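Participant: I would like the atomic coordinates for the input below:
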Amino acid sequence: MAAALAAVLLVGSAPVAQAEEIPLALGHRLVDHYLGAPGTASPLPGTGPAQHPHLAPNGRSGMHADAAGSGTHPHPGPLGREPEVTSEKIAPVGGECATATFDAGGRLITVCGTFSGFLLKLLDPRSLDTLAEYKLPQRSSTVEAITRLDFEKIFKDTSGGAYFYLDDRDRVVLADSRQHVLRISHTRKADGGWEFEVEDDWDLTPLVPHDCVSWTNLFPSGVCDPVTSVMPDWDGRIWWVTRLGRVGTVDPDTGALRVTRLEGEEIQNSFSVAADGVSIVTDHALYSFRAGADGTPRVVWREAYDRGTGTKPGSVNQGSGTTPDLFGRRDEYVAITDNADDRMNVLVYRRAADVPAGQRLVCKVPVFRSGASTTDNSLISWGDSLVVENNYGYENPSSLGFGRSVVGGATRIDVRADGSGCDVVWESDVRSPSTVPKLSTANGLLYFYEKRPHALGVDAWYLTAVDFRTGARVFSRFTGTGLAYDNNWAPITLGPDGTAYVGVFNGIVAVRDTV
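Facilitator: Okay, the predicted model is just below:
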């Protein structure tokens with residue numbers, strides 16, 4: 001049941017803190033700072049996913065931009081017209097800002113990871129100055145990494161608030177590392193400053209094992225099941241998933257909790273929601289869920305996929321790395337990737353509940369090179385089109401030092417108009433090691449965060465724009481050098497003012513046109 005707060009708990013009140021730039025590593029004078037030429041805006045025809053009634057407007061509600069997981073933004077990104085780069089350093093070490101959202105006033109709301117805990121931050125979208133901050137509890141993976149010198153645990157931990165959403169009243173909803181779901185608003189104080197306020201706190205521990213590593217519990221004997229992600233359904237019910245396969249709901253009006261368990265399956269990614277249900281992918285199968293009369297999650301259908309024989313370099317676990325995409329001109333499809341050993345496949349399914357046996361799979365399209373294909377990021381979807389990037393070879397920020405990069409690649413696939421299958425439209429050689437890419441439907445450009453190999457060992461990072469229609473590179477703008485600019489699974493986010501924001505290992509980077 002919801003923890004009824006006798007008074008609204010004020011947290012995170014902080015004076016404005018001026019942004020400190022992320023330092024550049026050696027070699028930034030040895031690389032090109034701009035490649036290509038400015039693009040021309042060419043808006044894409046069609047309309048985006050249906051607006052979720054309980055989320056902020058499409059394009060600013062969460063990591064994947066909307067409830068359908070489309071990775072599209074209705075506002076433009078930079079066209080490459082003398083773009084400038086600014087940044088904010090969040091912490092001396094670490095500080096990566098993952099999900100980024102925007103309130104109705106255009107202010108940036110993000111969660112940034114530090115070694116002392118996640119920070120929920122309200123930032124000025126232009127200067128990146130901190131307007132307010134709320135400290136979330138430290139994740140057990142961070143304590144394990146420090147005490148056992150195994151930092152891989154941090155880089156592959158998707159829990160603790162990294163996935164959050166902004167609701168239709170500009171409130172942050174997230175699950176913290178204590179297995180609590182929080183709903184947090186931000187308000188202006190009498191002195192003109194800002195502060196975060198915890199409005200609701202729902203404790204999931206009666207349903208979720210929570211014997212987790214902490215500084216006071218270094219050697220737990222029980223089970224710890226971190227909450228991976230939260231999203232609302234069309235009725236406003238808050239759904240949550242855990243790493244060890246629990247799927248649950250919170251009724252925000254009554255606080256009632258319900259849960260079901262997908263035994264022996266992991267959920268490491270977020271999930272997507274439409275009016276017809278909730279789509280969740282585990283490391284074994286793709287599911288469609290709906291809530292029963294009492295709110296308990298019920299499986300509508302399940303489709304197993306080829307999960308391969310092991311975890312590939314560039315994947316968090318042995319399974320699909322994608323959040324499901326709900327898409328199609330008639331909004332009838334759902335897409336993921338599998339984890340097949342030789343070549344990963346893009347899989348498109350019909351998502352209706354009553355599809356005849358054997359007819360749910362629309363297509364299975366192998367992508368990228370033999371023996372070098374995987375992705376741990378959501379597909380981009382628009383109309384009947386999908387775009388997938390190749391993350392094979394990326395493990396963590398130490399993977400690509402000394403001028404190394406990944407094999408890379410991005411591919412666009414279209415579902416045929418008659419639904420008889422899918423076709424490859426183009427293939428690009430863009431090398432985007434680990435970012436969640438985005439598409440601006442206002443200008444027709446895809447945005448990737450790229451690292452190219454360098455013979456002199458310089459580790460240079462770029463925001464790269466690719467034409468959605470043709471797959472041709474448009475421009476690349478240098479953002480920085482060194483490990484601090486590695487983005488380690490964080491997304492690109494396009495702001496309402498046309499700025500592209502990228503979460504990086506040491507904070508957040510902003511790229512915007514100046515002319």
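
Participant: From now on I want contacts and neighbour counts done on CA atoms only, so please keep to that.
Facilitator: Fine.

Participant: Over to the closest residue to Gly503 other than its chain neighbours. Which of the three states is it?
Facilitator: In this structure, Gly503 finds its nearest non-sequential neighbour in Cys97, 4.7 Å apart by C-alpha to C-alpha, 6 or more residues apart in numbering. Following DSSP: H, G, I helix; E, B strand; the rest coil, Cys97 is assigned to strand.

Participant: Let me see the contact set for Cys97.
Facilitator: Contacts for Cys97 (C-alpha atoms under 8 Å, 6 or more residues apart in numbering) come out as 110-113, 490, 503-505, 507-508.

Participant: can you rerun that using 10 Å?
Facilitator: 88-90, 109-114, 118-121, 162, 487, 490-491, 501-509 (C-alpha atoms under 10 Å, 6 or more residues apart in numbering).

Participant: and the residue nearest to Thr249 when sequence neighbours are not counted, what are its phi and psi?
Facilitator: Among residues not flanking Thr249 along the chain, Trp239 sits closest, at 4.3 Å (C-alpha to C-alpha, 6+ apart). With angles defined as degrees, to the nearest 10, Trp239 sits at phi -100, psi 150.

Participant: from memory Trp239 sits against Phe271, does it?
Facilitator: Yes - between Trp239 and Phe271 there is a contact at 9.4 Å, judged by C-alpha atoms under 10 Å.

Participant: okay, and the common contacts of those two?
Facilitator: Residues touching both Trp239 and Phe271 (C-alpha under 10 Å, 6+ apart): 229-231, 278.

Participant: Local confidence estimate at the residue nearest to Thr249?
Facilitator: Listed pLDDT for Trp239 reads 98.

Participant: Now do it: how many residues are near it, please.
Facilitator: 25 (other C-alpha atoms under 10 Å).

Participant: which helices and strands sit right next to the lengthiest helix in the chain?
Facilitator: The residue-count maximum for a helix in the chain (DSSP state H) belongs to helix 140-148. Contacts defined by 3 or more C-alpha pairs under 10 Å, 6 or more residues apart in numbering; DSSP states H and E place helix 140-148 against strand 117-123, helix 152-155.

Participant: Quick check: what element follows the longest one along the chain?
Facilitator: Proceeding C-terminally, strand 117-123 gives way to strand 130-135 as the next helix or strand, assigned by DSSP states H and E.

Participant: Check the last one too.
Facilitator: Toward the C-terminus, helix 152-155 is succeeded by strand 165-166 as the next helix or strand (DSSP H and E).

Participant: Off-centre distance for that next one?
Facilitator: 12 Å (C-alpha atoms, centre = their mean, to the nearest Å).

Participant: host element of the closest residue to Leu347 other than its chain neighbours?
Facilitator: In space, and not counting its chain neighbours, Leu347 is closest to Lys364: 4.8 Å by C-alpha to C-alpha, 6+ apart. Take DSSP H and E as the rule and Lys364 turns out to sit in strand 361-366.

Participant: partners of that strand, with directions?
Facilitator: strand 345-350 (antiparallel) (DSSP bridges).

Participant: Convert the C-alpha atoms of the partner strand to CSV, please.
Facilitator: Extracted C-alpha coordinates of strand 345-350, given in CSV (Å, rounded to 0.1, in the frame of the first residue of the first chain):
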residue,chain,number,x,y,z
ASN,A,345,17.9,-11.1,-36.4
VAL,A,346,15.3,-8.4,-36.3
LEU,A,347,12.0,-10.0,-35.5
VAL,A,348,8.6,-8.4,-36.3
TYR,A,349,5.4,-9.9,-34.9
ARG,A,350,1.7,-9.2,-35.2
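
Participant: which residues of the stretch 251-400 of the chain fall in strands?
Facilitator: 257-261, 272-274, 277-281, 285-291, 297-304, 325-327, 333-337, 345-350, 361-366, 380-382, 385-389 (DSSP state E, counting those that start in this stretch).

Participant: could you check the angle strand 277-281 makes with the fifth one?
Facilitator: Meaning strand 297-304. Here strand 297-304 runs at an angle of 50 degrees relative to strand 277-281 (axes from the mean of the first three to the mean of the last three C-alpha atoms, to 10 degrees).

Participant: buried residues in strand 297-304?
Facilitator: Buried residues in strand 297-304, counted by 16 or more other C-alpha atoms under 10 Å: 297-301.

Participant: Dump those to a markdown table, plus pLDDT and distance to Val466.
Facilitator: Shown next, in a markdown table, are the buried residues of strand 297-304 (pLDDT from 0 to 100; distance: C-alpha to C-alpha, whole Å):
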| residue | pLDDT | distance to Val466 |
| --- | --- | --- |
| Pro297 | 98 | 40 |
| Arg298 | 98 | 40 |
| Val299 | 98 | 38 |
| Val300 | 98 | 38 |
| Trp301 | 98 | 36 |
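
Participant: Select, from those, the two members most distant in space.
Facilitator: Pro297 and Trp301 (12.1 Å; C-alpha to C-alpha).

Participant: got any residues that touch both of the two?
Facilitator: Listed contacts common to Pro297 and Trp301 are 288-290; contacts here mean C-alpha under 10 Å, 6+ apart.

Participant: Identify, from those residues, the entry nearest to Lys189.
Facilitator: Once C-alpha to C-alpha is applied, the member of those that ends up nearest Lys189 is Arg290, at 40.6 Å.

Participant: Give the bridge partners for that closest one, please.
Facilitator: Beta-bridge partners recorded for Arg290 (DSSP bridges): Arg298.

Participant: Kindly check the end-to-end length of stretch 21-30 for me.
Facilitator: 20 Å (C-alpha to C-alpha, to the nearest Å).

Participant: Ignore what I typed, I meant stretch 29-48.
Facilitator: Terminal-residue distance, stretch 29-48 (C-alpha to C-alpha): 41 Å.

Participant: Pull out the buried residues from that stretch.
Facilitator: 34, 38-39, 41, 44, 48.

Participant: likewise stretch 234-251?
Facilitator: Residues 234, 236-251 are the ones in stretch 234-251 that count as buried (16+ other C-alpha under 10 Å).

Participant: Could you do stretch 505-515 as well?
Facilitator: 505-513.
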